[in-house]
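In: sequence first, then the predicted structure, then my questions.
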Amino acid sequence: MVMETEMLELEQTDRKMIEECFVIGKLAEDSADLPRLGDDLGKAVSYRDFNGNQAVVFYIQPLSREPEKLQSVLGKSATEVYISFDDKNKRYLDRLGYSKEEDKISFLREHFKNRLLLFKPVLSYELKNSRYHYNFQIILDEKLDTQVMGNSRFYIPIPTYSQYSHQMFESRLVSGKPIELSSYNHAMEIPEFLICGDFLYYIVDEKGLKKYKVNQNHNLYICEKPEAILRIPKPENFERYLKLGHKDIAFAPIEVTKKWIDECNELGVSIPEVIKSRVKDSPKESQTLKKVPTKKNIEKESTETVVNESDFIQRLDYLARKKKLRYALDDLYNFHTSLKTSNFTILGGMSGTGKTELAMLYSEALKMKEGENLLFIPVKPSFTEPSDLFGFLNPQTGVYHESEVGLVSFLYNASINTNKMHMVLFDEMNLGQVEHYFSDFISILELEKDQRTLRLFNQGANCVQPHLREGIPIGDNILFVGTANFDETTRDFSNRMLDRSNVILLEKLSFLEAQKYELEDIENLQDYENKEKTKVNNPDAEITAKNYSSWISLKKSLSSLEEYELSILDSLHEEISSYDSQTGVSFRIAKQIAHYLENVPKDEDENLFIERTTAFDYQIKQRILSKIRGHKEQIENLVGHHDEEYLDGRISIILSSENRASFEKSIAYLKQKAKELKRNGYTL
């Protein structure tokens, strides 16, 4: 349809949202009011000469709600039709054998008879006359059974929420957490109904849901008035009345939805009441099961002592020296920054470099206690599937039998002690096949933090432990660390795992450096003791989750990277992906690098503990080079050749060409890989 009034062009974001909406309609009736574009004026299907060629033009009358912005911004009326040409819907028409038909007009009229069409609006802007044409893209159609459905003139869109169970959906409504309606975005009005599981939800007051935008996601909504949402079981013959179900949306005739509204008003239960009755009616746990603590059992946190990040790092260094653990200071700073910014941190290196000791040292600096908020899991070669970590549900008794490692109980306790930091240490984690036994965790690490829930069994399964039924949320108060050796006795990490981890390869200090540390230890420890009494605040204070999170900048954007850093990442991606199209520098990795650089700690004078160029060097080594492995013929040109001396490969050439940084760590890593290629013919 053509706009009659002059109109400014829509913002690109609004236009994109409108064109992602779903509307249903039918072939328009022949009428003199139809736009005069065809040769047969007033015909819903007709020929039109277009650039010297004949095309078929046809009109669709909308029968459901259209994007709100079409009306509020463009002023489109509900009676205005959509127009399109056969060549614009070629894919849809080809499925019908349209191209083989001689009388295309008759064919379309016959096909569209008694059919509903699901389509997306397509807007074309005519700059000359400052007006819009309302076009459309047909998605699918459905024959209308008038005996069952009648001949409704209007249909109500009903989105489906399918990410979680109805219990989790209701919990998110009450707690005000966002829900995502994948096929219903902010260009539309607030929906009148929602479907989740076996229930229909009626939004009595449109203020019950609010459009919620974050990170350019226009499909999120939050509930502000859960008491304004009523729930009933799906009415009788519910699916029979739904039309054109596609992805997570369907449509119901308005005559039927009016009956559903009456049923909801009479029998519906508000969401807060649903939650109350669920708690009341929960079956009692078996007497053989341990009593499980809840948030109500947890004492309120006493007034916490805040420790600044600089004091914590000094505490970490002091503990290392006191225990005579030999770590370069940059390794300590790097490990700390990695834990702040990575879902998972892997400590690798030769045996005896202190990988496990470093993780335990960090937990001690946080004042963690093993058996309370520190869990040490020695991985066995026999670990082959997730049940080795978590356990299993007995379908006959409904009892969940936890694995002997105790991970499930630990994670649950972390989920209810939200202001207490926790750490899980998987020791020698690649003795088993990580991709197998760790698969559930890898999937969780892919999700946004507010969506990370560990599900131990299918949602429909019967379990007598109520605290496990909805899964266990994995919060920001848990640090995951793994140690690994890289030799012939261990398994490789998959790229999928490496993509979500910082891989830190600890290097042994030279004996001369170690001797230097020993000579300095007494002086440094005494200096720290003096500072404890005068400058360092609260050396024995436990680091709470709130305190820890205050050290973390949430910024994770490419805008944090400097131009030369982006240029290097582009060059590395081009070279690496040229030898393996499935490897390279993804946007995920680039943003993680930016996040790391934003979180390098600073001292009291705002000086970085790690120079930015050094931090960038660490990230290239840990995030990118760790995934380069294979046979000599595959990767020698990338990593370089080592015979009498090292000859640069493509990557070291890129790094060496940048005058602002030496990339000492990354190039040393490449030299080591070149030596492995020379010695073994492959790298691990």
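Out: Sure thing, it's come through.

In: could you list the domains of the chain?
Out: Using automatic domain parsing, the domain ranges for the chain come out as 12-144, 155-281, 309-549, 558-683.

In: with mean pLDDT and mean neighbour count added, can I get those domains in CSV?
Out: Just so you know, the C-beta spots here come from the backbone N, C-alpha and C atoms, and that holds for glycine as well. As requested, the domains of the chain are exported to CSV (pLDDT from 0 to 100; neighbours: other CB atoms under 10 Å):
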stretch, mean pLDDT, mean neighbour count
domain 12-144, 85, 16
domain 155-281, 89, 17
domain 309-549, 82, 18
domain 558-683, 86, 17
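
In: who does the helix or strand that contains residue 83 touch, helix- and strand-wise?
Out: In this structure, residue 83 sits in strand 82-85 according to DSSP states H and E. Applying 3 or more CB pairs under 8 Å, 6 or more residues apart in numbering; DSSP states H and E, one finds that strand 82-85 contacts strand 53-62, strand 115-126, strand 131-143.

In: among the ones you listed, which is nearest residue 420?
Out: strand 115-126 (48.6 Å; CB to CB).

In: elements contacting that closest one?
Out: Here strand 115-126 touches helix 12-18, strand 23-27, strand 82-85, strand 131-143, strand 243-246, going by 3+ CB pairs under 8 Å, 6+ apart.

In: and the ones you listed: which comes nearest residue 574?
Out: The closest of these to residue 574 is helix 12-18. By CB to CB, the value is 29.0 Å.

In: how far does that closest one sit from the chain's center?
Out: 23 Å (CA atoms, centre = their mean, to the nearest Å).

In: name the SS class of the residue nearest the centre of the chain, please.
Out: For the chain, residue 447 is the residue whose C-alpha lies nearest the centre (CA atoms, centre = their mean; 3.2 Å). Classification of residue 447 by DSSP: H, G, I helix; E, B strand; the rest coil places it in coil.

In: residues in contact with it?
Out: Going by CB atoms under 8 Å, 6 or more residues apart in numbering, residue 447 touches no other residue.

In: do the same with residue 383
Out: Here residue 383 is in contact with 389, 431-433, 436-437 (CB under 8 Å, 6+ apart).

In: and the residues you listed, which is closest to residue 123?
Out: residue 436 (48.9 Å).

In: I would like the residues contacting the helix or strand hosting that closest one, please.
Out: If you go by DSSP H and E, residue 436 is part of helix 434-437. Contact with helix 434-437 is made by 379, 383-386, 388-389, 442, 491, 493-494, 496-497, as judged by CB under 8 Å, 6+ apart.

In: circling back: got the contacts of residue 383 as TSV, with distance to residue 628 columns?
Out: Formatted as TSV, the contacts of residue 383 follow (distance: CB to CB, whole Å):
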residue	distance to residue 628
389	29
431	23
432	24
433	21
436	23
437	25
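
In: which two in those are spaced the farthest apart?
Out: The span of the contacts of residue 383, defined through CB to CB, is set by 389 and 431 at 13.5 Å.

In: which residues touch stretch 102-120?
Out: With CB under 8 Å, 6+ apart as the test, stretch 102-120 has contacts from 19-27, 44-47, 56, 58, 60, 63, 82, 86, 96, 98, 101, 136-144, 146, 155, 243-244, 246, 251.

In: before we move on, back to that, adding distance to residue 402, write the helices and strands packed on strand 82-85 out as CSV.
Out: Shown next, in CSV, are these (distance: least, CB to CB, whole Å):
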stretch, distance to residue 402
strand 53-62, 55
strand 115-126, 47
strand 131-143, 47
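
In: of all the ones you listed, which lies closest to residue 31?
Out: Across the helices and strands packed on strand 82-85, residue 31 has its closest neighbour in strand 53-62 (9.2 Å, CB to CB).

In: report the angle between the closest one and strand 131-143.
Out: Relative orientation of strand 53-62 versus strand 131-143 (axes from the mean of the first three to the mean of the last three CA atoms, to 10 degrees): 70 degrees.

In: partners of strand 53-62, with directions?
Out: Using DSSP bridges, strand 53-62 pairs in its sheet with strand 23-27 (antiparallel), strand 45-50 (antiparallel), strand 82-85 (antiparallel).

In: other SSEs contacting the helix or strand following that strand?
Out: As assigned by DSSP H and E, the chain's next helix or strand after strand 53-62 is helix 68-72. Where contact means 3+ CB pairs under 8 Å, 6+ apart, helix 68-72 is packed against helix 12-18.

In: output the helix it packs on as CSV, nothing but the C-alphas.
Out: Provided in CSV are the C-alpha atoms of helix 12-18 (Å, rounded to 0.1, in the frame of the first residue of the first chain):
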residue,chain,number,x,y,z
GLN,A,12,17.1,1.2,10.4
THR,A,13,16.5,-0.6,13.8
ASP,A,14,12.8,0.1,13.7
ARG,A,15,12.5,-1.1,10.1
LYS,A,16,14.5,-4.3,10.8
MET,A,17,12.2,-5.1,13.8
ILE,A,18,9.0,-4.5,11.7
